[in-house]
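In: Just the structure for this:
(chains A and B)
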Amino acid sequence: MKILVCISNVPDTTTKIRLAADGQSIDLAGVQWIINPWDELALSRAVELKEKYPAVVEKVTVINVGSKETEPVVRKALAIGADDAIRINTVPGDAYFVAGQLAAAIKDQAYDIILCGIESSDNNGCAVGAMLAEMLGIPSVSSVSFLDVAEGNICLNREIDGGYEKVQTSVPFVAIVQKGIAIEPKIATVRGIMAARTKPLQVFEPAGIDALTEVAAYELPEAKAKCKMIDAENIGELVDLLHNEAKVI
Amino acid sequence: MSVLVYIENWDGKFKKLSFELISYAQGIAKQMNTAVVALSIGNVAEEELKKAANYGASKVISVNDPGLNQLVNQAYASVISQVAVKEEAQVLVFAHNMAGKAVAPGVSVKLKAGLVSGAVALPSSTEPFVVKKKIYTGKAFAYVTIKSPVKIITLAQNSYGLAENPAEVYIESFTPQLADHDFATSVIESNKQTGKILLSDAEIVVSGGLGMKGPEFWGPIEELAGLLGGATACSRPVADQGWRPHYEHVGQTGKIIAPNVYFAFGISGAIQHLGGVSSSKIIVAVNKDKDAPIFESANYGVVGDVATVLPVLINLIKEVKGQ
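Out: The predicted structure is shown next:
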């Protein structure tokens, strides 16, 4: 069984977002780049499955759509435990563009399970995984919070409102994963980091795909009004404010 | 021409969310001088379908196929695309929830229609077609232009509200063309809690962090949530340490919520946590550290120990509620 994990390169989630002077772009100077948190959980589970079932999981590959600058993040994925990597050499446009690049790159390769994080922490698009499945003509399962492949049997849970469902699917398929697939991301070991330097990283040239959307402008949220502080000895005032001012209780 | 809105049902019933979507679709239809068609998939009684008319849908299409009682991404995308073509939809509207995120991207590919996920307002213009959406989990907004002839939007919950707009409604049933490969996935077992208010539906959310000191101190959180008809939630470390179940985790990597009131007890307010709750209308924070970042995002704050503040708060709210 071959597992492919799609990873996106995003600013660290603690990044304070600033606009460039003209308001037409986000100022990314000095930003720390990381593997998108959900993709990192997907990768962590994929590597875990390979360690747990070496006879079942033959290989874990990561794929990224990004320019040369995203390579440190791809190497980090190799350090965490992916066996090899593909980088599609282009600046990612919208979800349709990214899914199209991924589909073009892997359509003739026999991956059994394709893992995508449910969203990226930068554009919050929540779309690449399901688009990719549709483009490849294979099924997708969304909100996957559990995946196991013991003895080659695929066990999948997806989260629904107030609970979860066990789902079965034909192979190959795309699992769109969320928290729960792994709890904590796997940390790269020193040995992993050393090994990552020599693991294969193929660079593919992009396919000719046009994005269907583009960003016209950016805006920051309005500053929130100052917090009204209430004395801990006077909780009655809080209740009064919630009841009469905010009218929420 | 039309604006097509997919309205999900829960055991045959619509929710406030469904009507918010129709209200939003009606707002777009007005801008574009066209009509709203609502699409329901699954077994929903005519009486329930008619409720769509209160918010402006002039036609409701009902697809009731037993194979579609469970969400199957491919099959749903196929049904919705077929209806969109039949109704000559220019704009399709979905909820930015589990089902919307699962299905809208597939429809986008089938119709080659640009998708904006997590929109927070009506299009700021329709020519070009520009929609405002959250990015960086609410730390910024982007105005996104959709360049394709057909447009798809998923609407962030509680970002538009309800707008009544009674219309004469026509209910039509539709039989889609589905193939076996549309049903390559199926549900083999369902485990669902019933009777509890879902975090995604709750108008009031009562949440606890590490400052609660341990799972054995969660009684007052649950009591307050019960008293206010709300749901309980928690911060990431609380869920990661197993004090509370993972589905209660709100924050960037957990659930993103937008209730009327969010109570944060003993939550310091890391930037990732705030990402999940910053769309709440009112945030009430109680924390013993006066410098906790949660106070920068809160509307009302109390510097104090949750263990002493919570019981007092509960008793006073009981008085207000006349209990």
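In: Next, count neighbours for residue B:148.
Out: Look at residue B:148: counted by other CB atoms under 10 Å in any protein chain shown, it has 18 neighbours. Glycine gets a C-beta too; all of them are placed from N, C-alpha and C.
In: Residue A:217 too?
Out: Residue A:217, neighbours per other CB under 10 Å, totals 17.
In: Quick check: phi and psi on it?
Out: With angles defined as degrees, to the nearest 10, residue A:217 sits at phi -160, psi 160.
In: buried residues in the strand of greatest length in chain A?
Out: Determined from DSSP state E, the single longest strand within chain A is strand A:140-148. Of all the residues in strand A:140-148, those buried under the rule 16 or more other CB atoms under 10 Å in any protein chain shown are A:140-147.
In: repeat for stretch A:157-174
Out: For stretch A:157-174, by 16+ other CB under 10 Å, it's A:157-162, A:164-165, A:167, A:169, A:172-174.
In: Now name the helix or strand holding residue A:166.
Out: Following DSSP states H and E, one finds residue A:166 within strand A:163-169.
In: start to end distance for stretch B:186-200?
Out: 24 Å (CA to CA, to the nearest Å).
In: actually stretch B:215-232, not the one I wrote
Out: 13 Å.
In: what's next to the host helix or strand of residue A:79, contact-wise?
Out: Secondary structure assignment for residue A:79, by DSSP H and E: helix A:71-80. By CB atoms under 8 Å, 6 or more residues apart in numbering or on different chains, the list of residues contacting helix A:71-80 from outside reads A:5, A:7, A:9, A:33-35, A:40, A:43-44, A:47, A:62, A:64, A:66, A:84-85, A:87, A:185-189, A:192-193, A:195-197, A:199, A:201.
In: tell me the average confidence for stretch B:303-323?
Out: Averaging pLDDT along stretch B:303-323 yields 94.
In: And the contacts of helix A:71-80, which of them are buried?
Out: Buried among these by 16+ other CB under 10 Å: A:5, A:7, A:9, A:33-35, A:40, A:43-44, A:47, A:62, A:64, A:66, A:85, A:87, A:185-186, A:188, A:192, A:196, A:199, A:201.
In: Out of the residues you listed, list just those in strands.
Out: Using DSSP E, the buried ones among the contacts of helix A:71-80 in strands are A:5, A:7, A:9, A:33-35, A:62, A:64, A:85, A:87, A:201.
In: What segments of the stretch 201-323 of chain B are strands?
Out: B:204-208, B:231-234, B:261-265, B:282-287, B:300-303 (DSSP state E, counting those that start in this stretch).
In: Indicate which one of these is closest to residue B:72.
Out: strand B:231-234 (28.0 Å; CB to CB).
In: buried ones in that closest one?
Out: B:231-234.
In: same thing with stretch B:79-90?
Out: B:79-84, B:87, B:89-90.
In: same question, stretch A:176-186
Out: A:176-182, A:185-186.
In: same thing with stretch A:5-17?
Out: Result for stretch A:5-17 [16+ other CB under 10 Å]: buried residues A:5-11, A:13, A:15, A:17.
In: in the chain, which spans are helices?
Out: In the absence of a named chain, this looks at chain A. A:37-52, A:71-80, A:95-106, A:128-136, A:190-196, A:235-240 (DSSP state H).
In: let's do chain B instead
Out: Under DSSP H, chain B gives helices at B:16-32, B:46-50, B:73-86, B:98-111, B:219-228, B:236-240, B:271-277, B:294-297, B:306-320.
In: among these, which is nearest residue A:243?
Out: helix B:306-320 (5.4 Å).
In: picking up where we left off before, closest to chain A among the buried residues of stretch B:79-90?
Out: residue B:81 (10.0 Å; CB to the nearest CB).
In: Run through the residues that contact the closest residue to that closest one other than its chain neighbours.
Out: Nearest residue to residue B:81, sequence neighbours excluded (CB to CB, 6 or more residues apart in numbering or on different chains): residue B:110, at 4.2 Å. Taking CB under 8 Å, 6+ apart, we find residue B:110 in contact with A:134, B:77-78, B:81.
In: ok, of those residues, which one's closest to residue B:68?
Out: Checking the contacts of residue B:110 one by one against residue B:68 (CB to CB), the nearest turns out to be residue B:78, at 10.1 Å.
In: If I look at residue B:200, what pLDDT would I see?
Out: Value for residue B:200, per-residue pLDDT: 88.
In: residues in contact with it?
Out: Per CB under 8 Å, 6+ apart, neighbours of residue B:200: A:161, B:97, B:157, B:255, B:257.
In: Relative to residue B:33, which of these is nearest.
Out: Closest to residue B:33, out of all of the contacts of residue B:200 and judged by CB to CB, is residue B:157, at 27.3 Å.
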